[in-house]
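**Q** could you look at this predicted model? Sequence included:
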Amino acid sequence: MGEKRNIRIIQGKALFSTDHSIFVENKKSDFTIFFKSAIIATGSKPIKIPGFPNEDSGIWNSSDALSLKSIPNRFLIVGGGIIGLEMATIYSALGSKVDIVDRFN
């Protein structure tokens, strides 16, 4: 899929050398990539809330939510970050009534 969209996937260690370049070390070679803008998307793991029934079958992380066999009529998303909002957008478009709760800073 990435090749069709002209996306190159590189594995290795990277270090920002300037505001618009990173130096990459990998098994094949070391090189610099120049860019106008960068998105840092290194992945994440769901947080398990202490004292919360995290193993309950009605409580899902984002991976679980993308693997549902049916579309829920209604559900709650805890966390208004990008993943929470993305899940809300998807399931709202599929017909679910979605509520989002986020911490207040």
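**A** Noted; the coordinates are in hand.

**Q** where exactly do the strands run in the chain?
**A** Under the criterion DSSP state E, the chain contains strands at 13-18, 21-25, 30-34, 74-78, 97-101.

**Q** list the buried residues in stretch 51-60.
**A** Neighbour-count burial for stretch 51-60, counted by 16 or more other C-beta atoms under 10 Å, picks out Trp60. Every residue, glycine included, has its C-beta placed from N, CA and C.

**Q** likewise stretch 22-31?
**A** 22, 24.

**Q** quick one, phi psi at the closest residue to Lys27 other than its chain neighbours?
**A** In this structure, Lys27 finds its nearest non-sequential neighbour in Gly12, 7.5 Å apart by C-beta to C-beta, 6 or more residues apart in numbering. With angles defined as degrees, to the nearest 10, Gly12 sits at phi 160, psi -170.

**Q** spit out the contact partners of Gly12.
**A** 24-27 (C-beta atoms under 8 Å, 6 or more residues apart in numbering).

**Q** same thing with Asn73?
**A** Taking C-beta under 8 Å, 6+ apart, we find Asn73 in contact with 95-97.

**Q** hmm, back to that, can you check the pLDDT for the residue nearest to Lys27?
**A** pLDDT recorded at Gly12 is 86.

**Q** centroid residue for this structure?
**A** Ile83 (5.4 Å; C-alpha atoms, centre = their mean).

**Q** which residues does the longest helix seen in the chain contact?
**A** Criterion DSSP state H: the longest helix present in the chain is helix 82-93. For helix 82-93, contacts defined as C-beta under 8 Å, 6+ apart pick out 44, 62, 65, 71-72, 75, 77-78, 98, 100, 102.

**Q** can you pull out the low-pLDDT segments for the chain?
**A** Applying pLDDT under 70 to the chain picks out residues 1-5, 39, 41-43, 104-105.
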